[in-house]
Structures are given as C-alpha cells and as structure tokens.
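**Q** Sharing a sequence plus its predicted fold:
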Amino acid sequence: MSQGNKRIGIIGYGYIGKYVYEQLTSRPELGLEVAFVYNRSPEKTAALPPRLILDQLGHFADRGADLVVELAHPRVTQEYGAALLAVTDYMPLSMTALADAALEQELLATARRHDTCLYIPHGAVIGTDALEEGRQIWEEVRITMKKPPHTFDFSAAPQFRAEEIRSETLLYEGPTRGICPLFPRNVNSHAAVALAGIGFDRTHSVLVADPALEVSVIEIEMRGQGVEVKVQRRNPMKGVSGVFTLVSSLASICRAKGRHSGLQFC
Ligand SMILES: NC(=O)c1ccc[n+]([C@@H]2O[C@H](COP(=O)([O-])OP(=O)(O)OC[C@H]3O[C@@H](n4cnc5c(N)ncnc54)[C@H](O)[C@@H]3O)[C@@H](O)[C@H]2O)c1
C-alpha cells in the first residue's frame, strides 16, 4: 500500500472493470490503488493476485476502500448500495437502479447520515454540468438514443427480439422513470441525464433500434427561459457498452479520488 494513495474497490470484472483494474494497477501517477475486486462468477478473477480478490461482497468493509465502484449490474446497488454508503463512498455505473425512488431516497439518506458520497459518473452524457447548473431554468429535457438492435439487452423487454428488427423501430418514448426497468443495462445515460437535471419523471426518453447503424447516437436537448442546448455523441459499441465508456469511467474515478495538481476543470 503506498502512502497517500486512495483505495478503490471494484465490483464487476467485465469489459469496463478489467480496463479500470489494468489502469489503476499500471499507472502509479493516478494516485489510486485497488482495494479489492469482486465478481459474481469467481472464475473471471481467478488470475488476479489472491490478496486483491474479495470472495463475498458482504465482507467489503474489511478492505478499507475509499471508494467502491460498481461495474457489474444494477442489482448490486439494490442489494448493497445502502450498506456500502454506510461505510464508504460509492459510484454505481449501472445507475438505472436509481429510477426506483425509494432506493434513491434510501441511498441519499444513508450518505447524509454517514457523511459519505454517492458519485454519479456522467458516462455517455455530455453536458451534465449544464444539466445540473440549469436545473432552475430547464422546462424541458430530452434524451434520444439510437443503437443497432444487437447491442440491446432485451431480457426485461421480451416483446422485442433483435433478429426481428429489420428497420428503424421505436422501443420507448416517455418519462425516463419508465424506461429504466425495461432496458436496465442500456439506458444508464438516460438515468444520468435525469439525475443531473430535472429528475426521472420530468425527463423525456426516446429509445430507437436501427439496424442501419454501427454506432450508438445520443442526443441531449435542454430548453427553458429562452436558453437552448443540444449535444450529440456518436460512439462505436462493444457489447452493451460504448468504446468511449472506458476512458470516461476511469476519468470519473480519477476526478472523484485521484491525485490532482496542475490544470483542473471544475
Ligand atoms: N454509466 C454508464 O454510462 C455505463 C456505460 C456502460 C455500461 N454501464 C453499465 O456498467 C455495467 C458493466 O458494464 P460492462 O460493459 O463492463 O459489462 P460486462 O457484462 O462486460 O461485465 C459485467 C461483469 O460483472 C459481473 N456481474 C454481473 N452481475 C454481478 C453481480 N450481481 N455482482 C458481481 N458481479 C456481477 C459479470 O460476471 C461480468 O464479469 C453494466 O451494468 C452496464 O449497464 C454503464
């Protein structure tokens, strides 16, 4: 353990978790080190140094993490979010879990009670600063996401089948609160927009599957009091996650806990 380094607990050792682990363990200049890695299927972490593997998530408190990052599944926040926040800071990447209003309130109350922090990574969303700063101004916030059908996880929306979608198809249009349980692994960016801005009930979500696309396209629009902001991001996909997700996730962890000197945006 290096003195002064912040310790990061990693839950989920898949596409993003593996990248975060490799970066933290190979770049001492970040000022971060791995407190533990936990993955539900233990064979995925079998090659890691045994001292870093956590066998049971319920034992996380023994590892002295300054921040625990979830890169696994919304279920982790449902089952362990409050227990984690009672002990340490917590950053869920699968923040569709927070569309459950009771869970969101429980997590925020726990964080206030224990003086810990619930970090929301911006992920695919460009403009969380504007969404947050303009909360009093925005009358309308809208996020439209278009992706190829094979990049969706349809397990909670079995009425759709990727192989049957042959042209541009609207999967959902309505409040962000309603889209999160239907596509929990695909619409974390919708949850981030809602959390940063005017909430899950007032934010409008549109989700489209388009076989002609090879990238995911996200458009975010904010309007109010004559102010208009519109941003678009196009991102190549790998599984349910975009390629830019890797660098964005690491940057959020570094912004929360990394060593800072020199130029710093805030
Ligand atoms: N916030 C964002 O912008 C954003 C962007 C992309 C992905 N995500 C979310 O981040 C998560 C990880 O994405 P990924 O592309 O790395 O996925 P992945 O499928 O490649 O990896 C997930 C890993 O977590 C493990 N896992 C699943 N359920 C678990 C549980 N309950 N406890 C412990 N481990 C568990 C799996 O075995 C797997 O190794 C997903 O839920 C995804 O929806 C968020």
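**A** Noted; the coordinates are in hand.
**Q** Only C-alpha atoms from now on, for both contacts and neighbour counts.
**A** Fine.
**Q** Quick check: D62 vs V87, distance?
**A** Distance, D62 to V87, by Cα to Cα, to the nearest Å: 10 Å.
**Q** higher neighbour count, the two?
**A** A count of neighbours by other Cα atoms under 10 Å puts V87 above the other of D62 and V87, at 19 against 10.
**Q** all strands in the stretch 1-150 of the chain, in order from the N-terminus.
**A** Under the criterion DSSP state E, counting those that start in this stretch, the stretch 1-150 of the chain contains strands at 6-11, 32-38, 67-70, 89-92, 140-147.
**Q** Is it possible to get CSV of the ones you listed that adds mean neighbour count, distance to the ligand and mean pLDDT?
**A** Shown next, in CSV, are the strands of the stretch 1-150 of the chain (neighbours: other Cα atoms under 10 Å; distance: least, Cα to the nearest ligand atom, whole Å; pLDDT from 0 to 100):
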stretch, mean neighbour count, distance to the ligand, mean pLDDT
strand 6-11, 24, 6, 98
strand 32-38, 24, 6, 98
strand 67-70, 26, 7, 98
strand 89-92, 24, 8, 98
strand 140-147, 21, 12, 97
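**Q** Reformat the ones you listed as a markdown table; add distance to E79.
**A** Converted to a markdown table, these look like this (distance: least, Cα to Cα, whole Å):
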| stretch | distance to E79 |
| --- | --- |
| strand 6-11 | 13 |
| strand 32-38 | 14 |
| strand 67-70 | 12 |
| strand 89-92 | 12 |
| strand 140-147 | 28 |
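**Q** for those strands, which one sits closest to Q264?
**A** Of all those, it is strand 32-38 that lies closest to Q264, at 17.4 Å by Cα to Cα.
**Q** Write out the residues of the chain neighbouring the ligand.
**A** 11-17, 39-41, 71-76, 93-94, 123-124, 185-186, 188-189, 240-241, 245 (Cα under 6 Å from any ligand atom).
**Q** so what strands line up beside whichever strand in the chain runs longest?
**A** For the chain, the strand with the greatest residue count under DSSP state E is strand 227-238. In the sheet, strand 227-238 lines up against strand 215-224 (antiparallel), strand 241-242 (antiparallel) (DSSP bridges).
**Q** Just the pLDDT for the residue lying farthest from the centre of the chain.
**A** Residue farthest from the centre of the chain, counting by Cα atoms, centre = their mean, is G226 at 30.8 Å. Note on G226: pLDDT of 97.
**Q** heads up, I number from 287, so please use that
**A** With 287 as the first residue, the last one maps to G512.
**Q** how near is it to V494?
**A** For G512 relative to V494 (Cα to Cα), the value is 28 Å.
**Q** Over to Q309?
**A** 33 Å.
**Q** same thing with L340?
**A** 39 Å.
**Q** Between the two, point out the one with more neighbours.
**A** L340 (22 against 18).
**Q** Leaving out chain neighbours, which residue sits closest to that one?
**A** Counting by Cα to Cα, 6 or more residues apart in numbering, the nearest residue to L340 once its immediate chain neighbours are dropped is Y324, at 5.1 Å.
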